[in-house]
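Q: sequence and computational prediction follow.
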Amino acid sequence: MADNLQKADEKDLMKLLNEKRVALRGFRFGIAGSKIRNVKEGRSLKKDIARILTEISHRHNQKPAE
């Protein structure tokens, strides 16, 4: 996944971030309703969100100096 994040442009990263956040929200509601059995899914979604945010932050910090 890390290779895909480095190759994606910022617009794709923001779209993927939004999708992961929506999925995490759905996961949390599913847990509250006892519909979800795979509890490790939430952990992996949070890690994916952190990876995306890290890549975005890294790109913003790598702007060329003037």
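A: Received it, and whenever you're ready, just let me know what you need.
Q: going forward, measure contacts and count neighbours with C-alpha atoms only.
A: Fine.
Q: which element is Leu13 on?
A: helix 10-32 (DSSP states H and E).
Q: pull out the buried residues from that helix.
A: Of the residues in helix 10-32, 13, 16-17, 20, 23-24, 27 count as buried by neighbour count, 16 or more other CA atoms under 10 Å.
Q: and Met14, how far from Phe29?
A: Noted for Met14: a distance of 23 Å to Phe29, by CA to CA, to the nearest Å.
Q: low-confidence regions, the chain specifically.
A: For the chain, the stretches with pLDDT under 70 are 2, 36, 65-66.
Q: which residues are contacting the helix holding Leu13?
A: The contact list for helix 10-32 (CA atoms under 8 Å, 6 or more residues apart in numbering) reads 5, 36, 41-42, 45-46, 48-49, 52-53, 56.
Q: I'd like to know how many residues surround Ile52.
A: 22 (other CA atoms under 10 Å).
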